[in-house]
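Q: What shape does this take:
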Amino acid sequence: MTKISVTSIGVSGDDGFAALGARWRCLEQRAGNSFFQSWTWMGCLVKERFPDPVLVEATEHGETVALALFNRRRRLGGGTLWLGESGDAVMDRPYIECNGVLTLAGQEPRLTAACLGALRAAWPATHDLRLSGIDDMTLDAARRTLGGVWVERSLPAPFADLDSARRAGGNYLAGRSANTRQQLRRSARAFEATGPLTVTRAETAADAHAALDALAPLHQATWLARGETGCFSEPFFGRFHHALIDRGMPRGEVDLLRVTAGERIVGILYNFRYRGGMLAYQSGFDYAGVDGPRKPGLTCHHEAIRFALTEDLGRYEFLAGDDRYKRSLSDGGSTLHWARAGTAWSPWLLRRRVAAWVRGRAIAHN
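A: Predicted structure coming up:
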């Protein structure tokens, strides 16, 4: 029999989170979770990110079979529960994807629905739930158990199937379009005029910290040129990821890859490595003086894919986004959703219904 507890106390403070981390790691060994559901990510600066934590835990025969950590953001007349996030824009700048309830492998739909249902029964009618970066299965479980669910956006999450490339003789480029192959070859020739293209992985935490520090200004220069602020404009983003490097490097879960052409940096990729896959999370490319056929982003990801092939990894995952380079380099994909759920009397759902009614009246009047 499945027993599910929903508690807002008992995990706050260093001791409580340490105990939770031990249970989380134990369940990870029997789960089929993503990197973003691992304690490496979830437990990073956890006390800061979850100041008002709500824990959902399912047990069967005395063993933990599902865990989900939420943070509650209170407001006048209600509140919001955020799965795997703080609900604070600065704290959530480290973007979460592939989010969900951590469950025993093979039991994901049943246990996810059970945990969300238990949370739904426990929260006040004035509270709503935010589910960021969830997959189709989690969205389906939410729709079956949470009442009103509103999908605010959905994004493709492309990936390159490296196992398929190996079965095809290891020729990854053979599966790309003629235009993509031409662009990659022309870009590589142009960069190699200054020296051979090389991928160097940071092998120590110190090297990884230095690589992330070198990546940040490249990333910021690109986004500032577009009129955007860039992730590193918020100090917490860099602090979180430096802490994540310290947590993930000893476990082999962080890859900082420098791509160079001779002595020149083409770009730096900040990737995660988890359960046989490489996840392209953040990047910085040197666009200074780049013209003609040189394509730093496309070239760096291609070189990283070639590196991943030598590491015997099964996938190169681009995560959420419909960027052209992701489509060009991928041959598979899934969909991630950002959703909100609430009871029939949830304030935000009532507001949406009133807004929809007003729009309907306006359309009918016209």
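Q: got the CA coordinates for stretch 244-256 in PDB?
A: The C-alpha trace of stretch 244-256 is given here as PDB (Å, rounded to 0.1, in the frame of the first residue of the first chain):
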ATOM      1  CA  LEU A 244      27.000  23.100  -8.700                       C
ATOM      2  CA  ILE A 245      30.500  22.600 -10.200                       C
ATOM      3  CA  ASP A 246      31.800  21.700  -6.700                       C
ATOM      4  CA  ARG A 247      28.900  19.200  -6.300                       C
ATOM      5  CA  GLY A 248      28.900  17.700  -9.800                       C
ATOM      6  CA  MET A 249      32.600  17.500 -10.800                       C
ATOM      7  CA  PRO A 250      33.400  14.700  -8.200                       C
ATOM      8  CA  ARG A 251      30.500  12.700  -9.500                       C
ATOM      9  CA  GLY A 252      31.500  13.200 -13.200                       C
ATOM     10  CA  GLU A 253      28.200  15.100 -13.900                       C
ATOM     11  CA  VAL A 254      29.600  18.400 -15.100                       C
ATOM     12  CA  ASP A 255      31.400  19.000 -18.500                       C
ATOM     13  CA  LEU A 256      33.100  22.400 -19.200                       C
END
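Q: List the contacts of that stretch.
A: 35, 38, 40-41, 43-44, 94, 201-202, 204-205, 207-209, 211-212, 215, 268-274, 278 (Cβ atoms under 8 Å, 6 or more residues apart in numbering). No exception for glycine: its C-beta is placed from N, CA and C like everyone else's.
Q: May I see the buried residues of that stretch?
A: By neighbour count on 16 or more other Cβ atoms under 10 Å, the buried set for stretch 244-256 is 244-245, 247-249, 253-256.
Q: before we move on, what about stretch 211-228?
A: Under 16+ other Cβ under 10 Å, the buried positions of stretch 211-228 are 211-212, 215-216, 218-220, 222.
Q: Restricted to helices, list those residues.
A: Among the buried residues of stretch 211-228, the members falling in helices are 211-212, 215-216, 218-220, 222 (criterion: DSSP state H).
Q: helix or strand for the residue nearest the centre of the chain, which one?
A: The residue lying closest to the centre of the chain (Cα atoms, centre = their mean) is residue 97, at 2.6 Å. Counting by DSSP states H and E, no helix or strand carries residue 97.
Q: can you pull the contacts of it?
A: Residue 97 makes contact with 34, 36, 133, 157, 319-320, 336, according to Cβ under 8 Å, 6+ apart.
Q: circling back to that earlier point, from the ones in helices among the buried residues of stretch 211-228, which single one is nearest residue 148?
A: residue 219 (37.9 Å; Cβ to Cβ).
Q: how much space between the closest one and residue 230?
A: To residue 230, residue 219 is 6 Å away according to Cβ to Cβ, to the nearest Å.
Q: Under the pLDDT cut-off, which ranges of the stretch 1-150 of the chain? List them.
A: 1, 8-11 (pLDDT under 70).
Q: 90 instead, please
A: By pLDDT under 90, the weakly predicted segments of the stretch 1-150 of the chain are 1-16, 74-79, 120-127, 146-148.
Q: How many residues are close by residue 194?
A: Using other Cβ atoms under 10 Å, residue 194 has 13 other residues around it.
Q: quick one, phi psi at the closest residue to residue 98 other than its chain neighbours?
A: Distances taken as Cβ to Cβ, 6 or more residues apart in numbering place residue 34 nearest to residue 98, at 3.6 Å, with adjacent residues excluded. Dihedral pair for residue 34: phi -90, psi 170, per degrees, to the nearest 10.
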